[in-house]
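1. Pasting the sequence and the predicted coordinates here, then a few questions.
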Amino acid sequence: MDAIHTELHDLSYSDKPPVLIGASSEAAMRRAAQTIEAAGCRIGDRVPIGSARERIERQIAASAIWLELDRDCGAEMDEVLDFIASDLAGRQFGAVVAATAELIDPVAARIDDSAVELIIEADEAERVSALAVATARAGIQPRLSDIASDQNAERLRQLSDEVGRIAATLARLSTGPAAPARRIEQAAGGDVPNLSVETVRAVIRARRLRTRYFPEHLFADPAWDMLLDLLQAEIAQLRVPVSSLCIAAAVPATTALRWLKTLVQEGIFVRRADPHDGRRVFVELAPDASRALRRYFAEVGTPAAV
C-alpha cells in the first residue's frame, strides 16, 4: 500500500465538524483535499483506506466522510465500504465515495444506501455538489467558497436541474412521503405479449442514431435507456452488471448511478448479487416493470417506442 501521511487538525479552531478523508493513494488524497478545501470545508484527518474504518469509529462528530478511490485496494476497500453502507446512518455522518470508472462494479456492489453519494470520474462541480449533499445530511450547511461564481456555475445549475428531475420522478411515482412504492400500472387482462429481442434492439439503435445528427445532450433520458437495456437483456437471458447499465444510460456514470438508485428505490429495478463474485451485482427489471414494458410495446408499436 502507498504510504500516506496522517495529519490531525486541532478541532478547537472551528465549531464546524470536520470532513474525514480516506484515500487509496497519495494522489487520491491530494485530489480529495483539493475538493474539500475548495468547498470551504475543514479537513479533520487524512488516512489510508486500510485505517479508515478504525478512524471513523473513533470520530465523535463529523460533517462527512470522503473516500477517494483511484485503484482497487481489495479487501481493505471492501471492508470500509461495507462499514459505511451499514453503520454510517447511525452515526449521522454524510458520506461521499469518489471512484474511477474501473471501480464501478466493486464499489456499487457494496454501496446501495441512499445516504451515500457515489460519484464516478466526476468534475469539480459534481464533487462539490456531492459534498454539499453529504454535509446537509448531517444538518450542516457548508460554505461553498466562491465556486458558484466561476466557470463551474453553469455545471452547478445543471446538477441542480438534474436533482430536480429525479425529485419530480419520485413525486410522480410515490403516493406520499411515507408511503411504499406504488406498483406499476398494467394493461387490464390478457397474457403478457410476446416481444422479440430484435424489436427492442432496433429501438435502442434508433435512439443512438439521433446523436449523429443532433447534440447528444438534447436526448438524455437515462431512465428510459436503462429500461430498454434491461428489457433487451431479459429477453436475451443475459445478466447486466451495474457498469454495463451505466454505459447503456448514455449519460455520465454519476448521473446514471443516481437514476439507478432512484429506480431501485421505487421498485422498478432489482439488484441481484452475483453468486460467483461477491464484488459485483446485477440489475434486472422487477416483474411488474417487465410486464408493463412489454404491454407498452404491444399497444403503441415499435415506431412510437423510439
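-> Good, I have the coordinates.

2. all contacts plus neighbour counts: C-alpha atoms, from now on.
-> Fine.

3. Point out where the stretch 1-150 of the chain drops to low pLDDT.
-> 1-16, 60-61, 88-92, 114, 137-150 (pLDDT under 70).

4. ranges for the strands of the protein?
-> Along the chain, counting by DSSP state E, strands occupy 19-23, 43-48, 64-69, 94-99, 116-120, 240-241, 269-273, 281-285.

5. Show me how the record splits the chain into domains.
-> Per automatic domain parsing, the domain ranges recorded for the chain read 11-148, 197-305.

6. Asp191 is nearest to which of the ones you listed?
-> When the domains of the chain are compared by CA to CA, domain 197-305 sits nearest Asp191, at 9.3 Å.

7. mind checking how far that closest one is from the chain centre?
-> On the basis of CA atoms, centre = their mean, to the nearest Å, domain 197-305 sits 15 Å off its chain's mean C-alpha point.

8. Then stretch 23-31?
-> Relative to its chain's centre, stretch 23-31 lies at 21 Å (CA atoms, centre = their mean).

9. ends of stretch 278-296, how far apart?
-> The straight-line separation of the ends of stretch 278-296 (CA to CA, to the nearest Å) is 35 Å.

10. Which residues does it contact?
-> 105-110, 183-187, 192-195, 227, 230-231, 234, 239-242, 245, 267-274 (CA atoms under 8 Å, 6 or more residues apart in numbering).

11. what pLDDT, on average, does that stretch get?
-> Mean pLDDT, stretch 278-296: 94.

12. same thing with stretch 265-274?
-> 94.

13. go on, stretch 232-243?
-> Across stretch 232-243, pLDDT averages out at 96.

14. again with stretch 203-219
-> For stretch 203-219, the mean pLDDT works out to 88.

15. for it, which positions count as buried?
-> Buried residues in stretch 203-219, counted by 16 or more other CA atoms under 10 Å: 203-204.

16. First-to-last residue distance for that stretch?
-> 14 Å.

17. winner for burial among the domains of the chain?
-> domain 11-148 (a mean of 19; mean count of other CA atoms under 10 Å).

18. Show me how far that one is from its chain's centre.
-> 14 Å.

19. Quick one: residues contacting the residue nearest the centre of the chain.
-> Per CA atoms, centre = their mean, the C-alpha nearest to the average position across the chain is that of Leu257, at 3.2 Å. When the contact criterion is CA under 8 Å, 6+ apart, the partners of Leu257 are 118, 246.

20. Could you report the pLDDT at it?
-> 94.

21. Distance of it relative to Val19?
-> From Leu257 over to Val19 (counting by CA to CA), the distance is 23 Å.

22. again, but for Leu69
-> Separation of Leu69 from Val19 (CA to CA): 16 Å.

23. Val200 now?
-> For Val200, the distance to Val19 - CA to CA - is 46 Å.

24. before we move on, what about Arg212?
-> To Val19, Arg212 is 44 Å away according to CA to CA.

25. again, but for Arg30
-> Distance of Arg30 to Val19, given as CA to CA: 14 Å.

26. do Glu216 as well
-> Applying CA to CA to Glu216 and Val19 gives a distance of 36 Å.

27. Likewise for Leu131?
-> Separation of Leu131 from Val19 (CA to CA): 9 Å.

28. anything in contact with each of the two?
-> 36, 64.

29. Pairing-wise in the sheet, spell out the partners of the closest residue to Leu131 other than its chain neighbours.
-> Leaving out its chain neighbours, the residue that sits closest to Leu131 by CA to CA, 6 or more residues apart in numbering is Val96, at 6.6 Å. Here Val96 sits in beta bridges with Trp66, Glu117, as judged by DSSP bridges.
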